[in-house]
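Asks: Build me a model:
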Amino acid sequence: MSGYTGEVEVGGAFDVRKLPGLTITKVATNPFNNNCYLLRDDASGDTLLVDAAGDPERLLEALGDGRLVGIVETHGHWDHQQALVALVEATGAPVLATADDAGDLPVAPARVLEDGDVVEVGSHRLTAITLVGHTPGSVALHYQPEGGHLFTGDSLFPGGVGNTEKDPVRFGTLIDDVERKLFGPYPDSTWVYPGHGSDTTLGRERPSLPEWRTRGW
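Replies: Below is the predicted model of the structure:
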């Protein structure tokens, strides 16, 4: 991961992380300072995009000579889909999302994701993890090698879970899912790539779980 910090800003440089056989490129996009992640299989050039949030021309620049084989929308909120139509038109890449959030997208998913589904990019496999609360059908992706990597959309950030609009029921389902499905099975070394802002690790956030539950957000 030499040189990778996870710190990006709109209009700034991409941040690139090299894993064995897989390259992760983090891009900050307008109009809401979202994070987008391109996961490229080094052998084939096949690339998976996590959230087509904005700035389609920047995302195509980051894609380079790669072949976009899928766009995973972590949830249906409109700030995560501003570039979706343009990228689908430019690349023909299929969209992947859950059934519960599919209706909020401007492009119908070619594949509906369920909990535990495997998403492939080249020879690499990621596991879909459904998380309820920020939206009814949010989904994270987990990549196992090198200590583990979680692409969490807006369900988990440094300092807390995603916005549940002060709804105690939604908060309860989200923090239960995050604790059971993310913090439960995965080690402290697992790197977290959120939908906005800086990266973190499960180990950095784990001690704060009781505080999050007490404050209710």
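Asks: all helices for the protein, in order.
Replies: Using DSSP state H, the helices of the chain run over 56-63, 84-91, 99-102, 168-177, 202-205, 209-215.
Asks: neighbouring contacts of the third one?
Replies: Yep, that's helix 99-102 we're talking about. Residues from elsewhere that reach helix 99-102, judged by C-beta atoms under 8 Å, 6 or more residues apart in numbering: 73, 75, 76, 108, 109, 112, 114, 135, 136, 137, 138, 139. Using the backbone N, CA and C atoms, a C-beta is placed for each residue, glycine as well.
Asks: Including mean pLDDT and distance to residue 153, could the helices of the chain go into TSV?
Replies: TSV is the format used below for those (pLDDT from 0 to 100; distance: least, C-beta to C-beta, whole Å):
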stretch	mean pLDDT	distance to residue 153
helix 56-63	97	16
helix 84-91	98	14
helix 99-102	98	10
helix 168-177	98	12
helix 202-205	98	15
helix 209-215	97	17
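Asks: Out of those, which gets nearest to residue 144?
Replies: Set against residue 144 and scored by C-beta to C-beta, the helices of the chain come closest in helix 202-205, at 13.6 Å.
Asks: Report the central residue of the chain.
Replies: Residue closest to the mean C-alpha point of the chain, counted by C-alpha atoms, centre = their mean, is residue 151 at 3.6 Å.
Asks: Report the two of the contacts of helix 99-102 separated the most.
Replies: By the measure C-beta to C-beta, 108 and 138 form the most distant pair in those, at 18.2 Å.
Asks: Look at those two and report which has more neighbours.
Replies: Using other C-beta atoms under 10 Å, the more surrounded residue of residue 108 and residue 138 is residue 138, with 29 against 10.
Asks: any idea how far residue 115 is from the more buried one?
Replies: Residue 138 sits 11 Å away from residue 115, going by C-beta to C-beta, to the nearest Å.
Asks: Now list whatever residues contact both of those two.
Replies: Joint contacts of residue 138 and residue 115 (C-beta under 8 Å, 6+ apart) are residue 130.
Asks: Spatially nearest residue to residue 34, not counting backbone neighbours?
Replies: Leaving out its chain neighbours, the residue that sits closest to residue 34 by C-beta to C-beta, 6 or more residues apart in numbering is residue 53, at 3.4 Å.
Asks: which residues pair with the residue nearest to the centre of the chain across the strands?
Replies: For residue 151, the residues forming beta bridges with it (DSSP bridges) are residue 141, residue 193.
Asks: can you pull the contacts of it?
Replies: When contacts are counted by C-beta under 8 Å, 6+ apart, residue 151 touches 37, 50, 72, 74, 126, 140, 141, 142, 143, 193.
Asks: hang on, residue 161 packs against residue 155?
Replies: Yes: at 6.3 Å, residue 161 and residue 155 qualify as touching, with contact defined as C-beta atoms under 8 Å.
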